[in-house]
Structures are given as C-alpha cells and as structure tokens.
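Trainee: need a structure here:
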Amino acid sequence: MVASWLVETNTLLNGALSHQGQYMLNMNFAERMIINTAKQPWLASPAKGVWRKPLEREDKESGHTTSIVKYEAGSAFKPHPHPLGEEIFVLEGVFSDEHGDYPAGTYLRNPPNSVHAPFSKHGCVIFVKLNQFDAQDSKIVRVNTHETPWQQGQGNLQVMPLHSFEQQHTALVKWPANERFIPHTHFGGEEILVLAGEFIDERGQYPQGTWLRSPHLSQHTPYVVQPTLILVKVGHLAIE
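Mentor: Predicted coordinates:
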C-alpha cells in the first residue's frame, strides 16, 4: 500500500507457550492488532538500563520480535547478531553503535547476519523489528528523515519512501489536517506506528504511540482530523 500512498476484532493476544515451550506473543498474523504503546508498562530486558514494550515475540529472547525499546543514559547491549536482520526507527534521543550515532528520526536497516553492540550515551527510545528480513534483503540502510525530501502522495499526502524489497515497502506518510484516503485493500498486510497526531479509520481512533497491524486482504478507509505522521510498512505479512 505504500505504492498506493504515492499515487474483526481489536485484539491483544496474551503471551502463550509455543510448540517449543517458549514464550510467544501476538504471532497470529491473521489477527488485527491494535496496541496503544503509551499505556504499556516498560519491562526489563537482560541488559541493565534497557527497557522494552513487546508488541510481537516469537520466542523469549530470539526470533521474530517487534518492540519499543528504551535505553537509559549510559546503557548498552553486548555484541549480538541479527540472523534475519534488524530494522530500527529512532523515536527519541540518540541511538548509537560502533558504526555511528543516530538521532531521533533516523531509519536503519542492519542486514541478515550483521552484528553490533548498541548503546546510548544520553538515552533514547527506538522502534525495533528483529529477524523479519528476507535472507536476500542484504542492503544496509541509514536514512536521516530530517534531511530527506518528501514526495507528493495521493491527494494531499506527502510520502518519504525508506526501503523497498520485492513486495515489501516502508515509508513515512505525512497527513495534513482533514485529509481522507481512498478505500483500499492490504495485500500482504499493513503495519503502522503513529508518530504524531491521530490516525483514524472506520474502526476507531489511534493516537500518537499506537501500533496497528492489519492482516493480508484487510480493508479500511483512513483519514485524519489533525496533522498526523505515520511510519507504515506493507506487503510483509503472510498471504496464505
């Protein structure tokens, strides 16, 4: 649907044991998910001073994972690999690793089998998706969205493409006040994090900090009342 930007039940599944006996959270991609992350508690991670709000989790400390993560000032993770990649959007502060410093508004992709040791000198909050890449999606991406031009989208929308691989697309979409989008279907699903303002469709209102996941072939007609900014990913969910 990012390409279209350019021209049920609201469910929070409880953690459950997988067939391997490990912790699983929100891994039924046929379910529509809505989580207001502003209302979630911070949970401790294995690293001191690093906290998280889990949104999806395949296993307790490995596999497919989507989270909001907070680094306190001076906190760090030990070096670790990303077997199937890592995708990050920096929400607040400055996120760092041995390769550089990434201020709020930076979009990063670390490819499959990459390794790093992340930290934050002064603290930060990031949105992170782990182990969700196609094995052939090997491009390293670093985008400072404050320095990247917007493109004209459908109607009065403005779009900033961040990454595309085969049918998967990720972008920022900026909505002016009182903008409406056309009814559309999500082939391969859609995932949204509301970065500012309030996103709305016929099912509800989603303020800043809300994470939405809509399954393959789901439909909606979104609009906004106030200026709104979303991070959107499409085409990455199961199509069976």
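Trainee: For burial, what's the neighbour tally of Arg142?
Mentor: 12 (other Cβ atoms under 10 Å). All C-beta spots, glycine's among them, are computed from the backbone N, C-alpha and C.
Trainee: That one belongs to a helix, doesn't it?
Mentor: No - if the criterion is DSSP: H, G, I helix; E, B strand; the rest coil, then Arg142 is strand and not within a helix.
Trainee: List the residues that contact the closest residue to it other than its chain neighbours.
Mentor: Leaving aside its chain neighbours, Arg142 sits nearest to Leu108 (5.8 Å; criterion: Cβ to Cβ, 6 or more residues apart in numbering). Residues near Leu108 by Cβ atoms under 8 Å, 6 or more residues apart in numbering: 86-90, 102, 141-143.
Trainee: Look up how far Gln219 lies from Leu108.
Mentor: 31 Å (Cβ to Cβ, to the nearest Å).
Trainee: Verify the stated contact: Trp211 with Ile35.
Mentor: Yes - assessed by Cβ atoms under 8 Å, Trp211 is found in contact with Ile35 at 4.8 Å.
Trainee: anything in contact with each of those two?
Mentor: With Cβ under 8 Å, 6+ apart, Trp211 and Ile35 have common neighbours Leu55.
Trainee: Quick check: buried residues in stretch 116-125?
Mentor: 116, 118-120, 123-125 (16 or more other Cβ atoms under 10 Å).
Trainee: Near Gln148, how many other residues are there?
Mentor: No, residue 148 isn't Gln; it's Thr. By the criterion of other Cβ under 10 Å, Thr148 has 14 neighbours.
Trainee: quick thing: my sequence starts at 31, can you match it?
Mentor: With 31 as the first residue, the last one maps to Thr178.
Trainee: pretty sure it is touching Gln188, no?
Mentor: No - counting by Cβ under 8 Å, Gln188 is not a contact partner of Thr178; they are 11.4 Å apart.
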